[in-house]
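# my questions concern the predicted model and sequence given below.
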Amino acid sequence: DIVLTQAPLSVSVTPGESASISCRSSKSLLSSKGITSLYWYLQRPGKSPQLLIYQMSNLASGVPDRFSSSGSETDFTLKISKVETEDVGVYYCGHRLEYPWTFGGGTKLELK
Amino acid sequence: EVKLVEYGGGLVQPGASLRLSCEASGFTFSDFYMEWIRQAPGKGLEWIAASRNKANDYSTVYSASVKDRFTISRDTYKSILYLQMNTLKPEDTAIYYCARGLSHWGQGVMVTVSS
């Protein structure tokens, strides 16, 4: 199974500042079709996960452009610029390259 | 608007069975992969089952943790996704989410397995 390792476990950010979350894969997530199968999700407290980023760098519908993602075949970074109150929650990376689909352990974002 | 609504959760004893349902609306149900993902209390996300779309004969895939105990299926006429869970164990206690291609998620339903 592909293992996704996120860092840090938690991050505390002053509103208006930026935050970065890392996700490392045990295997290349580049598919034979040239798509990097890396996704980012936000789970706000008490809510279902919400898709933020698909195929490594594409913003999901309705997601503000304060969110961005980049990376290589195995190392990825989610950046949140100008953090707002609504950004609080747990961020997960996940892949859909092959079954079983797996997720990282999560990074909790809190406000200072 | 894509909408996924799960129901059927509850408290059951170890060894019991339970069937979860997920009513889908706002899209052509047969065109999309559908999944079940669970989240144990205070833990992360675990993908457990997938039903491919009609073009892929609705074939199914399971995680090792539920294979041979859980069955994912669809009623394409009613646009309902099911998860039949047999021989439940305490470690199956979790919130169960229905999702469409992991891009749209339901609100989740709680399953508690305890004596």
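Done, it's in. Only a predicted model underlies this, so the values are computations on that prediction, with no experimental measurement involved. Residues are numbered from 1 along each chain as shown, chains lettered A, B, ... in the order given.
# OK, contacts around the residue of chain A most remote from its centre?
Farthest-out residue of chain A from its mean C-alpha position, per C-alpha atoms, centre = their mean: A:S32, at 22.2 Å. Applying C-beta atoms under 8 Å, 6 or more residues apart in numbering or on different chains, one finds that A:S32 lies in contact with no residue. Any C-beta I mention is one placed from the backbone N, CA and C, and that applies to glycine too.
# that's a strand at it, yeah?
No: the assignment for A:S32 by DSSP: H, G, I helix; E, B strand; the rest coil gives coil, which leaves it out of any strand.
# tell me how far it lies from A:E98.
A:S32 sits 11 Å away from A:E98, taking C-beta to C-beta, to the nearest Å as the criterion.
# repeat that for B:K43.
For B:K43, the distance to A:E98 (C-beta to C-beta) stands at 23 Å.
# next one: A:G71
Counting by C-beta to C-beta, the gap from A:G71 to A:E98 is 18 Å.
# can you check B:N53 too?
The value you get for B:N53 to A:E98, if C-beta to C-beta is used, is 17 Å.
# between those two, point out the one with more neighbours.
When B:N53 and A:E98 are compared on other C-beta atoms under 10 Å in any protein chain shown, the one with more neighbours turns out to be B:N53, at 17 against 14.
# quick one: the more buried one and B:S30 touch, right?
Yes: because the distance of 6.4 Å satisfies C-beta atoms under 8 Å, B:N53 is recorded as touching B:S30.
# enumerate the residues of chain A near chain B.
Within chain A, the positions near chain B by C-beta under 8 Å from any C-beta of the partner chain are A:39, A:41, A:43, A:48-51, A:54, A:60, A:92, A:94, A:96, A:99-106.
# hmm, A:T102 is touching B:G44, no?
No: counting by C-beta under 8 Å, A:T102 sits too far from B:G44 to count as a contact (9.8 Å).
# compare neighbour counts for the two and give me the winner.
In this comparison of A:T102 against B:G44, neighbours counted by other C-beta under 10 Å, the higher total goes to A:T102 at 22 against 16.
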